[in-house]
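Q: kindly return the folded structure for what I paste below:
(one chain, ligands or ions: 1)
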Amino acid sequence: MTQKTIQRREFLKQAAAGAAIGLVYPSARVLGSNDRVRLGIIGPGARGQELMKEFLKVSNVEFAAVADVFTRRHEEAKKLAPAAKAVDDYRRLLDLKDVDAVIVATPLHCHARHFLDTLAAGKDLYCEKTMTWSVPEAETCLEAAKKSNRVVGIGLQHQSSGNLADAKQWIKDGLVGKVTSVESWMSRNTPRGKPQWVRQIPSDCTPGNVRWDAFLNGRSRRPFDANQFINWRLFWDFSGGNVTENMVHQIAFVMRALDLPLPTSAYMSGGVYSEKDGREVPDTIAVTLDFPGDLVVTWQSTFNNKRYGIGDRILGSHGTIERLMGATDMVTGKSESGLRYYPEKDNRADGVLLEGQTKDWNHYANFVDCVRSRKEPNAHVEIGYRSAVAGHMANMSYRQKQRVTLESLGLTARR
Ligand SMILES: NC(=O)c1ccc[n+]([C@@H]2O[C@H](COP(=O)([O-])OP(=O)(O)OC[C@H]3O[C@@H](n4cnc5c(N)ncnc54)[C@H](O)[C@@H]3O)[C@@H](O)[C@H]2O)c1
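A: The predicted structure follows:
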């Protein structure tokens, strides 16, 4: 039995997703272009509450229900949507007839369960990135989404950026030529003694107020641990570290700009070098992804220095596309951002510098529009899947201390 088969079996055993895999989808309300869209959210924590605010800015949208295993979140979410019904078991939210679409903003290890059960309940779905915690889960979720008639959008908001539209156009117009390498990076820093990502544990985060078993979601049983519950990002059981928190946005951007399939292999090195606070996921990372068609993509990340901010450089024979998000300019000391094209004079003597002009779409309005129109959202399930698998391959390489190939997972680059 291959490793993929074993992992997939293990996941299927754990997932309460029989209905989703059996693919018996209840019929849902058909919405007209002016109908009010009624949302539910599973996991209105930090990101979930940001999402609630964003979705509430979209016209003709309301929250009918919120589901969370921590009582504090019910109170916080009700401040944003006082009429919403608050439940502690997400299945009660999925039972509600007056919920058209569900937002999943739970920790990563819960995404697949909530993804599959939402589809099984006949609801449309907006699932936060990264789409899943593992490769077998990504396979199962993609399969379920394709077989359903539900709208599925992923929380990869860079997919709605004007920068992506401009980059794709420049590449299509031949301005970049043959691309053999892409370099991406993401860097942060915090004052010493204030490690990146660590959240204070609220005093009411107690076993009485948290459904700990539901949070564990099939992970090995252990006594209540408020740090693991609040700071789940730091632990492999619940998280994929910075690769699934941040690389996923950038790799999805690069994959979409260049229309890339899955990587053929991944290698990742690094370690817990700066944030020595008991975390398991590395804070210093170098990822190398090989793609079919003579291309290598690298992504580097540190939590120890932020001079170069976040960026991507698509390096072609005829030009470079550079996307900067907050890199500090060497000369002025100001923060730079935006999309630029620089011609390679060797091959495009007449080329000129270009700046990205296209405005961003409202990512959240795009999802709501798709719920009404039944179109595919900007951040569709396919890019959710491909970016998730790329990230998981990198993390597998780091944890196994060896290069991971797509072949060893029993997958092919283009399905
Ligand atoms: N798109 C983005 O830019 C972006 C930004 C930040 C976070 N995120 C993603 O959003 C997700 C949540 O991150 P966060 O920082 O908000 O985490 P968080 O811990 O603040 O929120 C998660 C919420 O889920 C609840 N929860 C946990 N298990 C649950 C379960 N089984 N059923 C119901 N509720 C449950 C928790 O009580 C908490 O309120 C992650 O996947 C993260 O990667 C995306």
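Q: how close does D213 get to the ligand?
A: 9 Å (Cβ to the nearest ligand atom, to the nearest Å). Quick note: C-beta positions are derived from backbone N, CA and C, even for glycine.
Q: is it true that that residue lies in a strand?
A: No. Membership of D213 in a strand is not supported by DSSP: H, G, I helix; E, B strand; the rest coil, which gives helix.
Q: OK, contacts around it?
A: Listed by Cβ atoms under 8 Å, 6 or more residues apart in numbering, the contact partners of D213 are R221.
Q: and the gap between it and D204?
A: According to Cβ to Cβ, to the nearest Å, D213 stands 19 Å off from D204.
Q: quick check: the residue of this structure nearest the ligand.
A: G45 (2.0 Å; Cβ to the nearest ligand atom).
Q: now do the contacts for that residue.
A: Listed by Cβ under 8 Å, 6+ apart, the contact partners of G45 are D68, F70, R73, A105, T106.
Q: need the pLDDT of the closest residue to the fourth one other than its chain neighbours.
A: It stands for A105. Nearest residue to A105, sequence neighbours excluded (Cβ to Cβ, 6 or more residues apart in numbering): G48, at 3.5 Å. Note on G48: pLDDT of 98.
Q: and what of D35?
A: With respect to pLDDT, D35 scores 89.
Q: once you drop chain neighbours, what's closest to it?
A: Per Cβ to Cβ, 6+ apart, closest to D35 is R372, 6.8 Å.
Q: and that neighbour, backbone torsions?
A: With angles defined as degrees, to the nearest 10, R372 sits at phi -80, psi -40.
Q: for the chain, longest helix please?
A: Taking DSSP state H as the criterion, the chain has its longest helix at helix 381-400.
Q: so how far is it from its chain's centroid?
A: Distance of helix 381-400 from the chain centroid (Cα atoms, centre = their mean, to the nearest Å) equals 11 Å.
Q: got it, and stretch 252-263?
A: 14 Å.
Q: list of residues touching it?
A: 129, 156, 158-159, 161, 163-164, 167-168, 171, 179, 182, 184, 289-292, 295, 297, 312, 314, 321, 323, 379, 383-384, 386-387, 389-390, 393, 406, 411-414.
Q: about what we covered before: the longest helix of the chain: what's the following helix or strand?
A: Toward the C-terminus, helix 381-400 is succeeded by strand 404-405 as the next helix or strand (DSSP states H and E).
Q: now the most centrally placed residue in the chain: phi and psi?
A: The centroid of the chain falls nearest to K129 when counting by Cα atoms, centre = their mean (1.8 Å). For K129, the backbone dihedrals (degrees, to the nearest 10) come out as phi -70, psi 160.
Q: F215 versus that one, what's the distance?
A: Per Cβ to Cβ, K129 is found 20 Å from F215.
Q: residues contacting F63?
A: R38, L39, G40, I41, M52, F55, L56, A77, L80, A81, A83, A84 are the contacts of F63 under Cβ under 8 Å, 6+ apart.
Q: tilt between whatever helix or strand R113 lives in and helix 381-400?
A: Here R113, judged by DSSP H and E, is contained in helix 111-120. Taking axes from the mean of the first three to the mean of the last three Cα atoms, to 10 degrees, one finds that helix 111-120 is oriented at 160 degrees with respect to helix 381-400.
Q: packing partners for whatever helix or strand comes next after helix 111-120?
A: Of the helices and strands lying after helix 111-120 in sequence (DSSP H and E), the nearest is strand 124-127. Secondary-structure packing of strand 124-127 (3 or more Cβ pairs under 8 Å, 6 or more residues apart in numbering; DSSP states H and E): strand 101-104, helix 111-120, strand 152-154, helix 363-373.
Q: now render the ones you listed as JSON lines, adding distance to N305.
A: Shown next, in JSON lines, are the helices and strands packed on strand 124-127 (distance: least, Cβ to Cβ, whole Å):
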{"stretch": "strand 101-104", "distance to N305": "34"}
{"stretch": "helix 111-120", "distance to N305": "31"}
{"stretch": "strand 152-154", "distance to N305": "30"}
{"stretch": "helix 363-373", "distance to N305": "30"}
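Q: just the helices in the stretch 1-150 of the chain please.
A: Using DSSP state H, counting those that start in this stretch, the helices found in the stretch 1-150 of the chain span residues 3-14, 18-22, 46-57, 71-80, 90-95, 111-120, 135-147.
Q: okay, and which of the contacts of stretch 252-263 map to strands?
A: V179, V182, S184, L289, D290, F291, L295, V297, D312, I314, I321, R323 (DSSP state E).
Q: which of the residues you listed sit farthest apart?
A: D290 and R323 (21.7 Å; Cβ to Cβ).
Q: neighbour count winner among the two?
A: R323 (25 against 16; other Cβ atoms under 10 Å).
Q: okay, and the beta partners of the more buried one?
A: D312, L339 (DSSP bridges).
Q: my read: it touches D166, true?
A: No. Counting by Cβ atoms under 8 Å, R323 does not reach D166; the two are 9.5 Å apart.
Q: which residues are in contact with both of those two?
A: L339.
Q: A266 falls within a strand, correct?
A: Yes. The assignment for A266 is a strand, going by three-state DSSP.
Q: quick check: it touching A394?
A: Yes. Using Cβ under 8 Å, A266 is in contact with A394, at 4.7 Å.
Q: name the residues contacting each of the two.
A: V287, L289, V404.
Q: okay, now the residue nearest to A105: neighbour count?
A: Neighbours of G48 (other Cβ under 10 Å): 22.
Q: swap in L142?
A: When neighbours are counted by other Cβ under 10 Å, L142 comes out with 22.
Q: and it, how far is that from Q157?
A: 20 Å.
Q: which non-adjacent residue is nearest T320?
A: In space, T320 is closest to Y342, 4.6 Å off (Cβ to Cβ, 6+ apart).
Q: ok so the one you found is a helix residue?
A: No. Counting by three-state DSSP, Y342 is located in no helix; its state is strand.
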